[in-house]
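**Student:** below are the sequence and a predicted model for it; my questions follow.
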Amino acid sequence: KKYWGPEVVGDKLLVLPYWLELPKEYQNKKVIKIDPGAAFGTGSHPTTSLCLEQLEKISLSSNKILDIGSGSGILSVAAKCFGANEIYAIDNDYLAINSTESNFRLNFGNLDNLHTYLGPFDSLVSQYSLKNFDFILCNILAEVIKGIIPEISNSLKIDGIVILSGILNSQKDEIIKLLNASNFQVNDVSSKKDWVCITAQKIL
């Protein structure tokens, strides 16, 4: 608590530790309150901030979102702030699911429109038939991303968009090749320090 202050991300967002008051100079920002707890994702790591910066460029109004590896829930909260209608959050760590739910409640006062699932993505997709998403957000290790790109494609609508982060610069080309093989067109690649974030659209 002593060392963590408000953090501006992109043009529109402010990540605010839940115990702090909103400083006056940030009144015009969209505020995401976060209790960091035990789960990854406070907005300060490049992989998270790159995702958030992509999200604010896109209209999520009334869309159905899947957050794979939700961690603290920061991307799910941001998606709701930007107008998403239904949010599905997956993590294989129960602490992360608890954190996602508590941070969602912290920001919106309830868990309306949030659906959480505990377990690995590939088995949950088949168990609950998680399909027809407008957007999929995925900020996890690139090694895991590589193995689930085909399932991500199956879970998206045609023209649906995936935002992938957690990828090192040295892993970028391999991920792009796998995306192209699964009928994705890469729309944007952004980078910060040694990390990249890839935004791709399902075209078939």
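**Tutor:** Nice, thanks for sending it over.
**Student:** all strands of the chain, in order?
**Tutor:** Along the chain, counting by DSSP state E, strands occupy 7-9, 13-17, 30-34, 64-68, 86-91, 114-118, 133-139, 156-168, 184-192, 195-202.
**Student:** can I get those in a markdown table including mean pLDDT?
**Tutor:** Output for these, formatted as a markdown table (pLDDT from 0 to 100):
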| stretch | mean pLDDT |
| --- | --- |
| strand 7-9 | 93 |
| strand 13-17 | 94 |
| strand 30-34 | 95 |
| strand 64-68 | 98 |
| strand 86-91 | 98 |
| strand 114-118 | 98 |
| strand 133-139 | 98 |
| strand 156-168 | 97 |
| strand 184-192 | 97 |
| strand 195-202 | 98 |
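**Student:** tell me the buried residues in stretch 149-156?
**Tutor:** By neighbour count with 16 or more other CB atoms under 10 Å, stretch 149-156 contains the buried residues Ile149, Glu151, Ile152, Ser153, Ser155, Leu156. All C-beta spots, glycine's among them, are computed from the backbone N, C-alpha and C.
**Student:** hmm, who's touching it?
**Tutor:** Under the criterion CB atoms under 8 Å, 6 or more residues apart in numbering, residues 66, 68, 121-122, 125, 130-134, 136, 138, 162, 175, 178-179, 181-184, 202 lie in contact with stretch 149-156.
**Student:** for the strands of the chain, which one sits closest to Ser44?
**Tutor:** Ser44 lies closest to strand 7-9 among the strands of the chain, at 5.8 Å (CB to CB).
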